[in-house]
Every structure is written in structure tokens, then in C-alpha cells.
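Student: Below are the sequence and a predicted model for it; my questions follow.
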There are 2 protein chains.
Amino acid sequence: MSDVARHAGVSRTTVSFVLNDRPGAAIPDETRRRILDAIDELGYRPNAGARALAANRSGWFGLITEIVTGPFAAEVITGAQSRAWTDRRFLLIAASEGDPAQEAAALDQMLEHRVEGLLYATTWHRAVTLPEAAREVPTVLVNCYDAEGELPCVLPDEVSGGYRAARRLLDAGHTRIGFINLDPVIPAAIGRREGYERALREAGITPDPSLVIPGYATADGAYTAACELLDRPGGDRPTALFCGNDRMAMGAYDAIKERGLRIPHDVAVVGFDNQELIAGYLRPKLTTLALPFEAMGTKGVDMLADLAAGQPLDTRRVTIDCPLIERSSV
Amino acid sequence: MSDVARHAGVSRTTVSFVLNDRPGAAIPDETRRRILDAIDELGYRPNAGARALAANRSGWFGLITEIVTGPFAAEVITGAQSRAWTDRRFLLIAASEGDPAQEAAALDQMLEHRVEGLLYATTWHRAVTLPEAAREVPTVLVNCYDAEGELPCVLPDEVSGGYRAARRLLDAGHTRIGFINLDPVIPAAIGRREGYERALREAGITPDPSLVIPGYATADGAYTAACELLDRPGGDRPTALFCGNDRMAMGAYDAIKERGLRIPHDVAVVGFDNQELIAGYLRPKLTTLALPFEAMGTKGVDMLADLAAGQPLDTRRVTIDCPLIERSSV
DNA sequence: GCGCTTTAATAACGCGCGTTAGTTGGTGGT
DNA sequence: ACCACCAACTAACGCGCGTTATTAAAGCGC
């Protein structure tokens, strides 16, 4: 920077003013041009670290996830990254790998780097408890919430997701809709079932509990569940299956095809999660609901930016809709 | 740091010596303990940025990928991250999203943060050309290579992957092995075919070119290709299919099942890529080869660390084996 | 010509740390 | 009694920048 100043025949301060577009600083165009030319000529690049030190503003946000591997975390990162970029901020990403020690270590490193805010994301919707150190800095939870309800969080709207799935099938004329759910105790399963039942009732149908079977998140579990639903005695088998995730839809597909039934003509299927690698390549392609991970990442940074700027949040618990991704299985 | 020094009754220098375990500094245990106690008591955390500035060593490596979304990039990140951690380094991750402008901007930011090395990773094995600015800092290519062959790179060993796949099927007694390949012009397709043919020849079988059909990386393309192979006139249809990726294996599965054939009894299948969401949930689970993304990320940081330390590389072009992931389709 | 305001610029301090060149007090040897 | 030596520390500088207080020159009305 001193070299640039010398080269342009001005002081270092003036260079700083130009670089930062300092409001109130009167820099004639001619001087500004000379400085910018010098920067170009010398290939000068400001030192972000020194800048942060002097301005007492690191420009970092931290992002802790359980697993970097896996499409969900990646989407959160994408959303958060792009949003952070517009504020000229950078994201410090670390994976806890489910190990509390590693998580604490990552957090320590982040605090040493003076992150101005922390995003804490999980791969599945649930309650979490954060390490103590997280209280030192503004924190937003993504896809999870703290049991005490003290921290702001951004969550998928499971209820409207379940509602939307059932509604899509009702609109297609189905009245007996089997629901192969996730483990019944987790928030996703509870919320989606609530939405599913509400849609049925709105259509004048009384939910039949025997049509809701847990598939425990695996293709095998869903296969078994689908067999049970499709082989119901009395010939009142469902004409549509709503599966709690796309993996389970794979199992359901197998059960349906095995019986010589066709998708969607004989049995329609709706999944959840919109995992491209499954939904996009099943045959026929799977109509499913997307978890809005990218939007959640974006919104999380949004909230963090407000928090870091000292502004209060308008909503401390934000829910984001799960959009229906229309393909060919309904 | 000054507070800690005052609290412990020593100078700031002594605190620095303790924090950095400075070799040659004689610090009595008693003094050291007092300092560590003070750090604890005051909740002192070193400022990583200031440290980098003073030591002229940022501790950052940059990692640029095309897409953060997607399992491949995530694995590279995991490998690189964990390896970097052991050197007390951090990874600055950015996605180019295939946009040269965004890529250049990301690189600029990284250089402003004074990264000491750059990892450039692609999602599929191919040639790349880097922006000019990348020459300012040691660079290692991951899963790609530069056309000029100037930069060090770490690549998957496609040839041994193809060899290993064919070999596995030969060992299982198959002699007519169909190969649904990727787009024939890309390095992965070329290398794997070479390995496939070598394995056949070693087994005394002359490769039959009509058994190799491109599936163009899609399930649909592979379905068509598989139909062609399975419906060959003359009853000499292959008893095994080697697919250039797992998505194509999905298409092949459909073609096989449609004909009432069983996997692996009537037709064995080997995939490539080891995409958990596909390979692990197909029924039966898919035996496939893994692209060693995590290992490539690790090795990339390895090489970068040497480069950044000023040491020459022993090998400028490293290839890493693709391990066979045994499941139930052979 | 004088005072006053605006424009254009600068010198100097501090951000939090690593590092070098010292200083101080004590011990052993002759 | 003198010097050499070592253990245990410290003062002071600089890393690259943002920022504040200050100055010199130019413009303006009378």
C-alpha cells in the first residue's frame, strides 16, 4: 500500500480512502485515477487479514454442520455462501462429524478467527444443545432448534409439506392414500402427518390410522411397509403412497412393480427430500417435496447479518415452505 | 494478551513464548502455570488474524470447486479439511458454479486472504485451464489436469478401476461382460475401457467391441443400452454388465428386471462412483467402484503443504486407486 | 487586502500479535 | 575478586491496514 502511495505520489491515507470509498473524503477524479492505475500496475492486493485487524471487523461467519459430505449440508453451504457473498463476507466451514470434541475444537478455531456470527446446521430436523462457547457470538440454528428455545432458528415447514403432498394426491383423484412415515417420534414425521391428515379432512375424508405405517427411513423398511399396504385384505388397498423420504420411495417402487402394478396408473407415489440422485433417476421419475436447505442457509445468514449488526430479529423462529417438485409418479 | 501478562505478572513476550511453545525459551513450570491459569481465568483467546499478520503466515489454503452441492465436492472437502486440520491450517472454500467471473472473484478474495496454496477440484475428470491469478500461489489440481501439464495434479486411476471391475466379474465366472460406458471421449471412459480390455485379455478373452455401448451417463441412456445388450440375437447375451456410473446401473437394473431376469443370478452388475444414495439403496445393493475423492482431497493438501513449505514434489502427477465396494449385485 | 470556508491531503496512532536484541540476577570456576 | 556463562525474563519494533486530528492550499465575499 505504501508502494502504491509512492507510485501515485500521494500518502498511504489517500490510498486507503480511495480503496474504501470513504464517504466525506474529497478525492479528485485525477488523483483517484492515478491511484487506481498504480494499484493495477503494481498488482497490489489489499491484505484482508490486516484490514480485519485494523477495522476490528473480521468479515467471517462460521458454519458448523454435522457432515460436510451429503447433499443436505452442501445445499445449506451453497445458500449461505451466496448470501454471505453479497455482504462481502466469507464463510468459515467446519464439520463436527457428530463428535462433540471435534465440534468444540472447530468452534474454538472459529472464535480465534473472530467470527462475527455462527450458523449451526443439522442434516435432519431435531433439537440440539450447543457447546457453551457458542454463546460468545450471535448464533442462528438451521434445520434444528434448541430445547430451551432461546436461540433463533430457521426450520422447514413440515406441516405444510405433508399437507401439500396429500393435497397433490387428492387433486389427482386419490382418496385412499397410504403414508409410509419416518420414525414417528421425530419432528418431521409428526409435522408431516399433521399436514397429511388436515388435507384429508379438508377433502371430507376421515384419516384411517391403519394407512399410516412407519418405514424407518430405509428402502427395506419402506418395502415391507408398502407390501403390507398393497396386500391389504378386502381389496381396499391404497391407490397412492406418500413416502417420508425418497429412499423409502425406492422401496415402495419395488413393492409396486413386483406386483405388476404401474406407476402412476395403478399406484401414485410422492416422496420427500427431493434427492436428485434418487428422485431424478427412478423410473418413472419421482414427484416429491424438496427440503428447502438452500433457502434455509440463505435465510440463516440473513438473520445472522441482522444480529451481527446489532439489529433485533423480527421473527426468532422462521419456517420455510417445502416446495412440490413435480415429476412423473403422480 | 496484555491483560494475561499483567494478570500473571510477566511481560507480553513471555505469554507469547508460552503460547507458541517457543523452542529455546526457558520458562519454569511455575511461570508457565501462572500464565495458563490467567488465560483460563480471563477467557483469553488468541486472535488468529493478528497472529497471521505478525507471523506473515496466514494458515489458509484455498479450495475452489465447481459446485459445492453434490457428493463429490463434499468428499474432496472432507478429505482436504481433515488433512489441513492436522497442520493447524484452515480451508477457504468457494464454488465457481461453472461461472468464470465467479471463479475469478473467488480467487481474488482468496489471494486477499493470503492463502498459501490453492486446491482446484472438478466434479468429473477432465482438462481445465486456470485463471491467470492462480499462478501467484502454489496450486494443485484435483480430479483434473491442465492441458499444458505444468501444474501438479492428483487423479483417479481410471485404468485400474476398469480393470478391477472386469476382474471381479471374471472371477465370478462371467466371460461375456457388457460395458455400458460413459461418453467415449472423456478420460474416465477411455481409461476404464483400457483396464476392462486388459483384464479380459489377461483372462484369455478377446474383447468384443459390440459389447461396449455408450450410455451417456444417464439412466435412460443406460436403459436403452442395456436393452440392446440383453436382446442380442443369437442368445449370446452378456451375463454381466459393467456400467460407467451408478446412475446408469439404475437404468440397467430396470432393463434386467423388466425381462424377468434376476440380479445377480442371471445378470451381474458392477457400477462406478459408489454414490451411496443409489448404490446403497438399489435392490439388490450395487457392487461398484468408488472414486477416491476423499483420498484425492487429502493427497492434494499433502502436496500443497510440501509446495507451500518450499519443498519439491516427488511426483507431480499422482493417481489414486478406485477401490471395489462389494455389495450384492455380483 | 482580510477573514472564513471548503478542498485535498497527510502524520501519527493503534489493532493484536511474533520476534529480535537486549537486560538482570545468580552460579561456578580460577 | 574477577570474568564467563546461563536461566529467566523484557523493551521495542514491525506486520498492513483504518482512522483521527491536523495542515496547506484554494476559493469566496466584502
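Tutor: Nice, thanks for sending it over.
Student: Next up, identify which helix or strand A:L119 is on.
Tutor: In the assignment (DSSP states H and E), A:L119 maps to strand A:118-128.
Student: I'd like the next helix or strand past that strand.
Tutor: Along the chain past strand A:118-128, the next helix or strand (assigned with DSSP H and E) turns out to be strand A:139-146.
Student: Run the chain-centre distance for that following strand.
Tutor: In this view, strand A:139-146 has its centroid 11 Å away from the chain centroid, taken as CA atoms, centre = their mean, to the nearest Å.
Student: other SSEs contacting the helix or strand just after that strand?
Tutor: Using DSSP H and E, the helix or strand that directly follows strand A:139-146 along the chain is strand A:153-156. With contacts taken as 3 or more CB pairs under 8 Å, 6 or more residues apart in numbering or on different chains; DSSP states H and E, strand A:153-156 sits against strand A:139-146, helix A:293-308, strand A:317-320. No exception for glycine: its C-beta is placed from N, CA and C like everyone else's.
Student: Chain B: which of the ones you listed is closest?
Tutor: helix A:293-308 (8.1 Å; CB to the nearest CB).
Student: That closest one to strand A:139-146, inter-axis angle?
Tutor: Interaxial angle, helix A:293-308 versus strand A:139-146 (axes from the mean of the first three to the mean of the last three CA atoms, to 10 degrees): 120 degrees.
Student: Helix A:293-308 packs against which elements?
Tutor: If you count contacts as 3+ CB pairs under 8 Å, 6+ apart, helix A:293-308 packs onto strand A:60-65, helix A:71-86, strand A:118-128, strand A:139-146, strand A:153-156, strand A:317-320.
Student: Tabulate the ones you listed (JSON lines), appending mean pLDDT.
Tutor: Supplementary listing: the helices and strands packed on helix A:293-308 in JSON lines, determined by pLDDT from 0 to 100:
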{"stretch": "strand A:60-65", "mean pLDDT": "96"}
{"stretch": "helix A:71-86", "mean pLDDT": "88"}
{"stretch": "strand A:118-128", "mean pLDDT": "95"}
{"stretch": "strand A:139-146", "mean pLDDT": "97"}
{"stretch": "strand A:153-156", "mean pLDDT": "98"}
{"stretch": "strand A:317-320", "mean pLDDT": "97"}
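Student: among those, which is the most enclosed?
Tutor: Greatest average neighbour count among these goes to strand A:60-65 (a mean of 26), per mean count of other CB atoms under 10 Å in any protein chain shown.
Student: Name the residues of chain A found near DNA strand D, please.
Tutor: Proximity of chain A to DNA strand D, by CB under 7 Å from any atom of the strand, involves residues A:1, A:12-13, A:16-17, A:19-20, A:22, A:45-47, A:50-51, A:53-55.
Student: Same list, the helices and strands packed on helix A:293-308, but as CSV with distance to A:M248 please.
Tutor: Output for the helices and strands packed on helix A:293-308, formatted as CSV (distance: least, CB to CB, whole Å):
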stretch, distance to A:M248
strand A:60-65, 24
helix A:71-86, 16
strand A:118-128, 14
strand A:139-146, 19
strand A:153-156, 17
strand A:317-320, 23
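Student: Can I get the helices and strands packed on strand A:153-156 in JSON lines including distance to A:F90?
Tutor: Compiled in JSON lines, the helices and strands packed on strand A:153-156 are given as follows (distance: least, CB to CB, whole Å):
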{"stretch": "strand A:139-146", "distance to A:F90": "17"}
{"stretch": "helix A:293-308", "distance to A:F90": "11"}
{"stretch": "strand A:317-320", "distance to A:F90": "23"}
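Student: CA atoms only: put stretch A:19-32 into CSV for me.
Tutor: Coordinates of each C-alpha in stretch A:19-32 appear next as CSV, following Å, rounded to 0.1, in the frame of the first residue of the first chain:
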residue,chain,number,x,y,z
LEU,A,19,-9.9,1.8,-1.6
ASN,A,20,-12.7,2.1,0.9
ASP,A,21,-14.7,4.7,-1.0
ARG,A,22,-14.7,6.7,2.2
PRO,A,23,-17.8,8.9,2.4
GLY,A,24,-16.9,12.5,3.0
ALA,A,25,-13.4,12.2,1.5
ALA,A,26,-13.0,14.6,-1.3
ILE,A,27,-10.8,12.9,-3.9
PRO,A,28,-10.5,14.5,-7.3
ASP,A,29,-11.0,12.1,-10.2
GLU,A,30,-7.5,12.7,-11.4
THR,A,31,-6.0,11.6,-8.1
ARG,A,32,-8.3,8.6,-7.9
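Student: distance between it and the chain's centre?
Tutor: Between the mean C-alpha point of stretch A:19-32 and the mean C-alpha point of its chain there is a distance of 41 Å (CA atoms, centre = their mean).
Student: hmm, that stretch touching DNA strand C?
Tutor: Yes: using CB under 7 Å from any atom of the strand, a contact is recorded between stretch A:19-32 and DNA strand C, made by A:A25, A:A26, A:I27, A:P28, A:T31.
Student: quick one, the helix or strand A:D254 falls within and helix B:246-258 angle?
Tutor: Counting by DSSP H and E, the secondary-structure element that holds A:D254 is helix A:246-258. Using the same axes, to 10 degrees, the inter-axis angle of helix A:246-258 relative to helix B:246-258 is 20 degrees.
Student: Now tell me what touches whichever helix or strand comes after helix A:246-258 from outside.
Tutor: The helix or strand immediately downstream of helix A:246-258 is strand A:268-273, counting by DSSP H and E. Contacting residues not belonging to strand A:268-273 are listed as A:161, A:165, A:168-169, A:172, A:174, A:192, A:239-249, A:252-253, A:256, A:263, A:278-279, A:286-291, A:322, A:329-330 [CB atoms under 8 Å, 6 or more residues apart in numbering or on different chains].
Student: starting at the chain centroid, how far to the following helix or strand past strand A:268-273?
Tutor: Along the chain past strand A:268-273, the next helix or strand (assigned with DSSP H and E) turns out to be helix A:276-279. On the basis of CA atoms, centre = their mean, helix A:276-279 sits 17 Å off its chain's mean C-alpha point.
Student: by contact count, what packs against helix A:276-279?
Tutor: helix A:246-258, strand A:268-273, helix B:276-279.
Student: Report whether whichever helix or strand comes after it contacts chain B.
Tutor: Next in sequence after helix A:276-279, counting helices and strands by DSSP H and E, comes strand A:287-290. No: in terms of CB under 8 Å from any CB of the partner chain, no part of strand A:287-290 sits within range of chain B; the closest distance is 12.7 Å.
Student: Tell me which of the helices and strands packed on helix A:276-279 is the most buried.
Tutor: Stretch with highest mean neighbour count among these: strand A:268-273 (a mean of 28; mean count of other CB under 10 Å).
Student: returning to what we had before: tilt between the strand holding A:L119 and helix A:71-86?
Tutor: 150 degrees.
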